[in-house]
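Asker: let's see this in three dimensions:
(one chain, ligands or ions: 1)
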Amino acid sequence: MKHQEKKLDEHTWIIEEYDDNVSVYMYLLEGEKEALLIDTGLGAIPLYTICKELTDRPIRVALTHGHVDHIGGTGAFNEVWLAKEDEVLYHVHSELNMRNIFTKEELFPVKGELLYFTKHMVFELGKRTVEVIPTPGHSVGSVCFLDKERRWLFTGDTCCKAHVLLQMEYASSISTYRESIQCLWDRRQEYDITWPGHHDKPVKKQIIKDFLEAADGILNGTMEGKYTELPMGKARLLEYREIGIEY
Ligand SMILES: [Zn+2]
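Answerer: A predicted model of the protein is given here:
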């Protein structure tokens, strides 16, 4: 697995872990006192060393959700935060049979002990505040992170410029996903752009409205997905503008 780091500004980096088949993004946010790493990829790259070369601040880790391609590098870090609702998913996806789905390379260990977000939690990094926004849907414990001063929203797999996957085990209903997306859209004055876990980046925030309209369409019966053979197996797929919902 390869990796590359790019500076988004003087105190923020995107780290990509990738090969020909898969690509995931992590984000390292540096405040005056601490740094926050959002997601940890597949665990096939020396993530701790990479982060330590970028920042000398102590690093906490916050996960957008418990899927195997976001939790892989957690083992090297002291403090790893996740939504309690994704606890079971995290441990299921920590097993080697799951971790080997994306790569057969040797993998760094996954952390066993986690900390769980509290209600209305914010990470105070020192002149940089990152709020945890619960957005159940893609998994029951999915969250987004609002970097308040930068006006950036980190969205994990909740609203990439691609399909959102709601057909998987430990996902929520479409109506729950719709509520999460509505919450993000209601707060759209608080951010200018979104940074996803995969695919095109950054993503304009209007994409959230597309997800909202598609979810509404499914729920009120004006739109309907067609049963389709998809990478995750057969499921219904509704394609709408630049996004899609698999359910
Ligand atoms: Zn995911």
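Asker: tell me which parts of the chain are close to the ion?
Answerer: 67, 157 (CB under 5 Å from the ion). For the C-beta atoms, the positions are set from N, CA and C on the backbone; glycine is no exception.
Asker: can you pull up the most central residue in the chain?
Answerer: With distances taken as CA atoms, centre = their mean, residue 156 lies nearest the centre of the chain, 1.8 Å away.
Asker: looking at residue 223 now. What's its pLDDT?
Answerer: Note on residue 223: pLDDT of 98.
Asker: could you find the closest non-adjacent residue to it?
Answerer: residue 217 (3.0 Å; CB to CB, 6 or more residues apart in numbering).
Asker: and the one you found, that's in a strand?
Answerer: No. Counting by DSSP: H, G, I helix; E, B strand; the rest coil, residue 217 is not part of a strand but helix.
Asker: for the ion, see how far away it is.
Answerer: Residue 217 sits 23 Å away from the ion, going by CB to the ion, to the nearest Å.
Asker: thought residue 234 was touching residue 227?
Answerer: Yes. The pair residue 234 / residue 227 is scored as a contact, 6.1 Å apart, by CB atoms under 8 Å.
Asker: if we can go back for a sec, my guess is the residue nearest to the centre of the chain meets residue 137, correct?
Answerer: No. In this structure residue 156 lies outside contact range of residue 137 using CB under 8 Å: 10.3 Å.
Asker: ok so, going back, so what's the residue nearest to the centre of the chain up against?
Answerer: Counting by CB atoms under 8 Å, 6 or more residues apart in numbering, residue 156 makes contact with 38, 39, 64, 65, 70, 138, 142, 143, 144, 196, 197.
Asker: of those, which belong to helices?
Answerer: Residues of the contacts of residue 156 located in helices (DSSP state H): residue 70.
Asker: can you tell me which two in the contacts of residue 156 are farthest apart?
Answerer: In those, two members sit farther apart than any others by CB to CB. They are 38 and 138, at 15.2 Å.
Asker: for the residue nearest to the centre of the chain, which non-adjacent residue is closest in space?
Answerer: Closest residue to residue 156 apart from its sequence neighbours, by CB to CB, 6+ apart: residue 64 at 2.7 Å.
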